[in-house]
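# sharing a model prediction with you, sequence too.
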Amino acid sequence: QVQLVESGGGLVQPGGSLRLSCAASGLTFSRYAMSWYRQAPGKERELVATINGDGGTTSYADSVKGRFTISRDIAKNIVYLQMNSLRPEDTAVYYCNAARWTGRYYWGQGTQVTVSS
């Protein structure tokens, strides 16, 4: 059974930092591209960042470039999202996603990030 478990969310002031983690189990981790999505209230879920299977390629939404960094530890089956210089508009539920080129994909349950003073 595949499980993706996010952690690390919380309340942070504008300009602050958080690191999200997503622990994966039940799959061959290196075979999956890993992504972080987010969904703010009343908005559609949007792609934030993606990292390929071996961690050599990353991509980011324009809104987070230069502030967020995605990385993965293949030995521990964990993907991270380091978020710096957080803004109120980064407030959302953040979801971890694992996807293969075959079309198979999985979602985590989400973790709330709130940026507010």
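Yep, that arrived.
# quick one: contacts for the spatially most central residue of the chain?
By Cα atoms, centre = their mean, the mean C-alpha position of the chain lies nearest to residue 36, the distance being 2.7 Å. Residue 36 makes contact with 20, 22, 47-50, 70, 79, 81, 94-97, according to Cβ atoms under 8 Å, 6 or more residues apart in numbering. Yep, even glycine has a C-beta here, placed from its N, CA and C like the rest.
# apply 7 Å and report the result again.
20, 48-49, 70, 81, 94, 96 (Cβ atoms under 7 Å, 6 or more residues apart in numbering).
# out of those, which are buried?
20, 48-49, 70, 81, 94, 96 (16 or more other Cβ atoms under 10 Å).
# now tabulate these in CSV and tack on secondary structure.
Converted to CSV, those look like this (DSSP: H, G, I helix; E, B strand; the rest coil):
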residue, secondary structure
20, strand
48, strand
49, strand
70, strand
81, strand
94, strand
96, strand
